[in-house]
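*Asks:* This is the structure alone, sequence omitted:
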């Protein structure tokens, strides 16, 4: 699975959440400044967050430190701290705790710990079951673990919340194909392409599904179309060329830029 698919950025913390960690205008400003630095220069943000924590910065300082650790590549430490913050909040602000658990899940994913990622994402879903992004995140963790039935189930839930979302349809199509159900995989890929005919991830998925069904002519048509749409040195081009050469797809799920968009169109 492409690491970028699950990468978490500090910008995923919305400004509306900042006040949840702080009670004064001064603390709110410090939080925003610290988070901005965590995104841009995490190694500088770490000592700032530590100093602020020592001055009574509380959960806001700890959260900034966790994000800075993530951005600095210290994913395991970031995940551990994000989980600790969520626990230390007790029963307060379930929506924010869900976001913290979700961030912990993404950090565990970046650390290559899919089992721990799925566990954290399950905690997030316990608090916010109506969030399609969370169902996608956990589905991707299950895909990394090659637990295809659970991955399909989570993508099902995400599609219930976002019907005909192209990115999620492609993910479920891939999971169906990996689970050995090419007919269901093809149906999802076809629906995705009905919504977005030139979506290269959907074309690749349909091509590999055709290949799995033994329909080499249809598969080659999809792979050639992908090659006409993407740069020749792109990952999509490499996958399409592999398909043209008759090679099986080696990815767990189709690479993408981030969580699926809220609309059906490719972003």
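*Replies:* Perfect, thanks for sending it. Here the structure is a predicted model, which means the values were calculated and not measured.
*Asks:* where's residue 152 relative to residue 244, distance?
*Replies:* For residue 152, the distance to residue 244 (CB to CB, to the nearest Å) stands at 28 Å. Where you see a C-beta, it was placed from the backbone N, CA and C, and this is true even at glycine.
*Asks:* So which of those two has more stuff around it?
*Replies:* residue 152 (23 against 18; other CB atoms under 10 Å).
*Asks:* where does the closest residue to the more buried one other than its chain neighbours fall, helix, sheet strand or coil?
*Replies:* With sequence-adjacent residues excluded and distances taken as CB to CB, 6 or more residues apart in numbering, residue 152 is closest to residue 175, at 4.7 Å. Secondary structure state of residue 175, per DSSP: H, G, I helix; E, B strand; the rest coil, is helix.
*Asks:* okay, residue 175: pLDDT?
*Replies:* Here the pLDDT value assigned to residue 175 is 96.
*Asks:* Could you do residue 21 as well?
*Replies:* So, for residue 21, pLDDT stands at 65.
*Asks:* same deal with residue 251?
*Replies:* 79.
*Asks:* And residue 10, by the same measure?
*Replies:* Listed pLDDT for residue 10 reads 37.
*Asks:* Ok, residue 247 next?
*Replies:* 87.
*Asks:* Please name the residues that touch it.
*Replies:* Under the criterion of CB atoms under 8 Å, 6 or more residues apart in numbering, residue 247 has no neighbours.
*Asks:* Phi, psi for the residue of the chain most remote from its centre please.
*Replies:* Distance from the centre of the chain peaks at residue 55, with 34.5 Å (CA atoms, centre = their mean). Main-chain torsions, residue 55, degrees, to the nearest 10: phi -90, psi 10.
*Asks:* Stretch 195-207: which residues count as buried?
*Replies:* 195, 196, 199, 200, 201, 202, 203, 204, 205, 206, 207 (16 or more other CB atoms under 10 Å).
*Asks:* Show me which of these is closest to residue 87.
*Replies:* The shortest approach to residue 87 among those belongs to residue 201, at 36.8 Å (CB to CB).
*Asks:* elements contacting the helix or strand hosting that closest one?
*Replies:* Per DSSP states H and E, residue 201 falls inside helix 200-212. Here helix 200-212 touches helix 166-178, helix 182-195, helix 216-229, helix 235-244, going by 3 or more CB pairs under 8 Å, 6 or more residues apart in numbering; DSSP states H and E.
*Asks:* Give me the next element, helix or strand, following the helix or strand hosting residue 84.
*Replies:* If you go by DSSP H and E, residue 84 is part of helix 75-88. Following helix 75-88 in sequence order, the next helix or strand is helix 94-110 (DSSP H and E).
*Asks:* elements contacting that following helix?
*Replies:* Under the contact criterion of 3+ CB pairs under 8 Å, 6+ apart, helix 94-110 touches helix 15-21, helix 58-71, helix 75-88, helix 114-127, helix 132-144.
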